[in-house]
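Trainee: A structural model of the following input is requested.
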Amino acid sequence: MFEHLNIEIPEAIAKTIKGKRYYFTEEGGIYPSITTVLNASQKKQKWLKEWRKSVGYDVANYISRTSASRGSSFHKICEDYINNSSVAHHKESFLPWCMFTQLQPVLDNKLLNIHLQEKSMWSDKYRVAGRVDCIAEWNNVLSVIDFKTSKNPKKEEYIEDYFIQGSAYCEMYQERTGTT
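Mentor: Presented below is the predicted three-dimensional model:
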């Protein structure tokens, strides 16, 4: 059983405007999501355009749809599990379930004291927002945990956005709670 701490952060309301996600805070801030900011980079846009052209647009759309579906299913399984809810009904989502069964013993062994889960946060300093998968103690170290579901291992040089996203969540958490 995972213990959830009572960390209070006001909810920001997410809205998609012209294909981009924005968060509206109680104080009147309107911030783009960190993924919207990262996806807007010229380097990423160029890579996506070249990839779509190389595999074909229909194949690219299929891969994008199935990847998004797999990620959503996997996140829901993890969310339910960390919330101490039954996950047995998720078995019909074969690949996400298989990915989860590989992760489950690691979560059981390393994850403690859930500070936040599936929670919106924002930074007034950096003027960016997002929805963190989980902030918890990982091996007794307060950590941002973001679930990724690539079917293939990725080289570190290809995942710079993951590090930026995680760093942004660290900054947002510190601003909202005062905890580093």
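
Trainee: In this structure P32 contacts R21, no?
Mentor: Yes. Assessed by Cβ atoms under 8 Å, P32 is found in contact with R21 at 7.0 Å. Using the backbone N, CA and C atoms, a C-beta is placed for each residue, glycine as well.

Trainee: Quick check: buried residues in the lengthiest strand in the chain?
Mentor: Using DSSP state E, we find that the single longest strand of the chain is strand 111-123. Within strand 111-123, the residues that qualify as buried are L111, I114, H115, L116, Q117, K119, S120, M121, W122, S123, counting by 16 or more other Cβ atoms under 10 Å.

Trainee: Would you tell me what the next helix or strand after it is?
Mentor: Downstream of strand 111-123, the first helix or strand assigned by DSSP states H and E is strand 128-138.

Trainee: Give me the next element, helix or strand, following that next one.
Mentor: Downstream of strand 128-138, the first helix or strand assigned by DSSP H and E is strand 141-145.

Trainee: Counting neighbours, what do you get for Q104?
Mentor: Q104 has 14 neighbours, counted by other Cβ atoms under 10 Å.

Trainee: same check, this time on V37
Mentor: Neighbours of V37 using other Cβ under 10 Å come to 21.

Trainee: Contact partners for it?
Mentor: With contact set as Cβ atoms under 8 Å, 6 or more residues apart in numbering, V37 has these partners: V128.

Trainee: so it, which of the three states?
Mentor: Each residue gets one of three states, and V37 gets helix by DSSP: H, G, I helix; E, B strand; the rest coil.

Trainee: Name the residues of the helix or strand bottoming out on mean pLDDT in the chain that are buried.
Mentor: In the chain, no helix or strand scores lower on mean pLDDT, DSSP states H and E than helix 42-55, which sits at a mean of 93. Judged by neighbour count using 16+ other Cβ under 10 Å, the buried positions of helix 42-55 are R52.
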